[in-house]
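>>> Quick one, what's the 3D model for this:
(2 chains)
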Amino acid sequence: MKLALESEDIQKKFGHFTALGGVTIQVPRGEFVTLFGRNGAGKTTFLKIAATLMRPTDGSFRVEGIDIRKEPERARRQIGFLSHNTFIYRDLSAIENLRFFCRLYGADSSDSRLMGLLERVGLRRRANDTVRNFSRGLQQRVGIARVLLHDPQLVLLDEPYTGLDAQAVTMLNDMLDEIVKDGRTVILTTHDLEQGLRAATRVLIMDRGKIVLSAEAHDPEIRATYSRLIVTGARR
Amino acid sequence: MKPVVAIIHKDVAIEFRNKESISSMLWFGLLVLVIFSFSFDSSGAGDVDIRAGLLWVAFSFAGILGLNRSLSMESDNDCLQGLLLAPVDRGDLYLGKVAGNLVFSLVAELIILPVFAVLQHVHFDWKLLAIAGITVAGTLGFVSIGTTLSMISAHTRMKEVILPVLQIPMTLPVILCAVTATDMVLKNETAGISFPLSVLGLFSIVYLTASYFIFEYVVEE
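Residues are numbered from 1 along each chain as shown, chains lettered A, B, ... in the order given. Predicted coordinates:
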């Protein structure tokens, strides 16, 4: 079984505050993992460490078998990261944004390829429009195209549904289904239980920097733990 | 070098579109020049030659404004994180940002310089060319450390205030050497100019090299 992501006793401390208190998980290739947890549980910190945006205080982390501490640049080639912030430049057009990121990733930046990517996210007709004039949902679509342009094996999504209207949510879900169909691994964090369970194969629930539940997506224990920890706010 | 070129290209494209960085630096620098020129003429401080200092005050204030614009370009929509996700050595990302900031600063300064010459009665001869050379060296030192400091201040709440508070003391050696060298040129006393220029060059190299290696830690959350 090839692992897309493997973390061992990952810890992250900010001064005296422990954001992650030893997270150990193994995610096989092709899995769709949803990470639930209330605000401050450590979900975003975990994803940022996986994306090499943050250094863990302790522990080891591998993405597609690559140690992210020893070979962060190689690991980044395997990772696509999307958060509620799209990381795209509002003063550039959609196609200019993609062209810039293609150059950074050393990916094919030909117009035909970029237009194909924009077609996939339904933005072909607005390829040359400045992103500043896009709605939140349209900006998120450019963000999705940015995530996919270097063909990553591991897609990390941090609260991607935030601020999206129903149509944009449907589009994002269609894109996620395509990503899964391509055999890529997805790790999603969200507060929305139904969205999170929609395509998940496995669910992790975090609380105070630790994994408190790891279960198959159909396990009834998920809803009970979600309700107890996240809805009512009861502690472990 | 490809990521460096890509970042310069991107920064220039954004500047062409919104025209925020160079125009704000230019107008601010010109305002400083004009206000100081008229203030000191009317106050009768003519015995003391403050021209070199005046020029570098204008360049420094305009430069800080430019660095703030550059910072807000990367802070908007968390674009800096997008850069950091790229499979590129973070030192190269730093060089790209330095190059972009250097280009914008030099464009603004090369427009400010002739206005300075007119207001301060400096002839358009070799002196102005020499000052332009000092400007390039001084600006390189200024943006080398300024780019790093702007990324440090990006993680703070009052980033627009923190940047000048960090920048001005850190670039003091660069500014002092540039002012000394400019003053020597303006006074036609260039015999010992190699010393301030050497120190200026040394600081620029040290700032550039040190920042290249520490940038990875600076941008980390």
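
>>> CA atoms for contacts and neighbours, from now on please.
OK.

>>> Around chain B, which positions in chain A sit nearby?
Proximity of chain A to chain B, by C-alpha under 8 Å from any C-alpha of the partner chain, involves residues A:51-55, A:72-77, A:81, A:85-92, A:100-101, A:103-105.

>>> Out of those, name the ones that lie in strands.
Members of those lying in strands (criterion: DSSP state E): residue A:81.

>>> Which residues does the host helix or strand of residue B:60 contact?
Assigned by DSSP states H and E, residue B:60 belongs to helix B:51-75. Contact with helix B:51-75 is made by A:89, B:20-22, B:24-26, B:28-30, B:32-33, B:36, B:79-80, B:101, B:104-105, B:109, B:113, B:116, B:120, B:142-143, B:146-147, B:150-151, B:154, B:160, B:163-164, B:167, B:175, B:178-180, B:182-183, B:186, as judged by C-alpha atoms under 8 Å, 6 or more residues apart in numbering or on different chains.

>>> redo that, cut-off 6 Å
For helix B:51-75, contacts defined as C-alpha atoms under 6 Å, 6 or more residues apart in numbering or on different chains pick out B:21, B:25, B:28, B:29, B:32, B:80, B:179, B:182, B:183.

>>> same question, stretch A:5-24
A:25-27, A:42, A:56-63, A:209-210.

>>> Between the two ends of that stretch, how far is it?
Start and end residues of stretch A:5-24 are separated by 10 Å (C-alpha to C-alpha, to the nearest Å).

>>> and it, which residues are buried?
For stretch A:5-24, the neighbour count (16 or more other C-alpha atoms under 10 Å in any protein chain shown) marks A:5-7, A:9-12, A:19-24 as buried.

>>> Now the element after the helix holding residue B:60, going C-ward?
Next along from helix B:51-75, by DSSP H and E: helix B:79-84.

>>> I believe residue B:211 is in a helix; please confirm or correct that.
Yes: counting by DSSP: H, G, I helix; E, B strand; the rest coil, residue B:211 is part of a helix.

>>> how far away is the residue nearest to it when sequence neighbours are not counted from residue A:110?
In space, and not counting its chain neighbours, residue B:211 is closest to residue B:148: 6.3 Å by C-alpha to C-alpha, 6 or more residues apart in numbering or on different chains. To residue A:110, residue B:148 is 33 Å away according to C-alpha to C-alpha.

>>> Then residue A:207?
Distance from residue A:207 to residue A:110, by C-alpha to C-alpha: 45 Å.

>>> who has more neighbours, the two?
The neighbour count for residue A:207 versus residue A:110, taken as other C-alpha atoms under 10 Å in any protein chain shown, is higher for residue A:207 (23 against 11).

>>> out of all of them, which helix in chain A is the longest?
Determined from DSSP state H, the single longest helix within chain A is helix A:166-181.

>>> picking that back up, the contacts of helix B:51-75, buried ones only, as a ChimeraX selection?
Of the contacts of helix B:51-75, the buried ones go into a single ChimeraX selection, burial set by 16+ other C-alpha under 10 Å:
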select /B:21,25,28,29,32,80,179,182,183
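
>>> which pair in the contacts of helix B:51-75 spans the largest distance?
B:80 and B:183 (39.1 Å; C-alpha to C-alpha).

>>> For the helix or strand of chain B with the lowest mean pLDDT, name the packing helices and strands.
Within chain B, no helix or strand scores below helix B:21-43, which has a mean of 85 by mean pLDDT, DSSP states H and E. In terms of contacts (3 or more C-alpha pairs under 6 Å, 6 or more residues apart in numbering or on different chains; DSSP states H and E), helix B:21-43 is packed against helix B:51-75, helix B:90-119.

>>> Within range of chain A, give me the residues from chain B.
B:3, B:14, B:77, B:78, B:79, B:82, B:86, B:87, B:220, B:221 (C-alpha under 6 Å from any C-alpha of the partner chain).

>>> Tell me the pLDDT of the third one.
Which is residue B:77. pLDDT for residue B:77: 84.

>>> How many neighbouring residues does it have?
17.

>>> cool, the first one as well?
Residue B:3 has 24 neighbouring residues, counting by other C-alpha under 10 Å.

>>> May I see the buried residues of the helix or strand where it lies?
Per DSSP H and E, residue B:3 falls inside helix B:2-18. Within helix B:2-18, the residues that count as buried by 16+ other C-alpha under 10 Å are B:3, B:4, B:5, B:6, B:7, B:8, B:10, B:11, B:12, B:14, B:15.

>>> residues making contact with that helix?
So helix B:2-18 is contacted by A:91, A:104, B:92, B:96, B:100 (C-alpha under 6 Å, 6+ apart).

>>> Check the gap between residue B:201 and residue B:166 for me.
21 Å.

>>> next one: residue A:140
35 Å.

>>> Of the two, which one has the most company?
Using other C-alpha under 10 Å as the criterion, residue A:140 and residue B:166 rank with residue A:140 on top: 28 against 16.

>>> pLDDT value on the closest residue to that one other than its chain neighbours, please?
The shortest distance from residue A:140 to any residue other than its chain neighbours is 5.9 Å, reached at residue A:86 (C-alpha to C-alpha, 6+ apart). On pLDDT, residue A:86 comes in at 88.

>>> I'd like the distance from residue B:151 to residue A:221, if you could.
44 Å.

>>> In contact with residue A:116, which residues?
Taking C-alpha under 6 Å, 6+ apart, one finds nothing in contact with residue A:116.

>>> Is it within a helix or a strand, and which one?
helix A:111-120.

>>> Now the element after that helix, going C-ward?
With secondary structure assigned by DSSP H and E, helix A:111-120 is succeeded by helix A:136-148.

>>> quick one, that following helix and helix A:166-181 angle?
10 degrees (axes from the mean of the first three to the mean of the last three C-alpha atoms, to 10 degrees).

>>> Tell me who's in contact with residue A:39.
Residue A:39 neighbours (C-alpha under 6 Å, 6+ apart): none.

>>> If you count surrounding residues, which of residue B:151 and residue A:221 has more?
residue B:151 (24 against 14).

>>> Give me the distance between that one and residue A:90.
20 Å.

>>> can you check residue A:205 too?
From residue A:205 to residue A:90 the distance is 35 Å (C-alpha to C-alpha).

>>> now do residue B:190
48 Å.

>>> between these two, which one's more packed in?
residue A:90 (20 against 13).

>>> mind listing what that one touches?
A:131, A:132.
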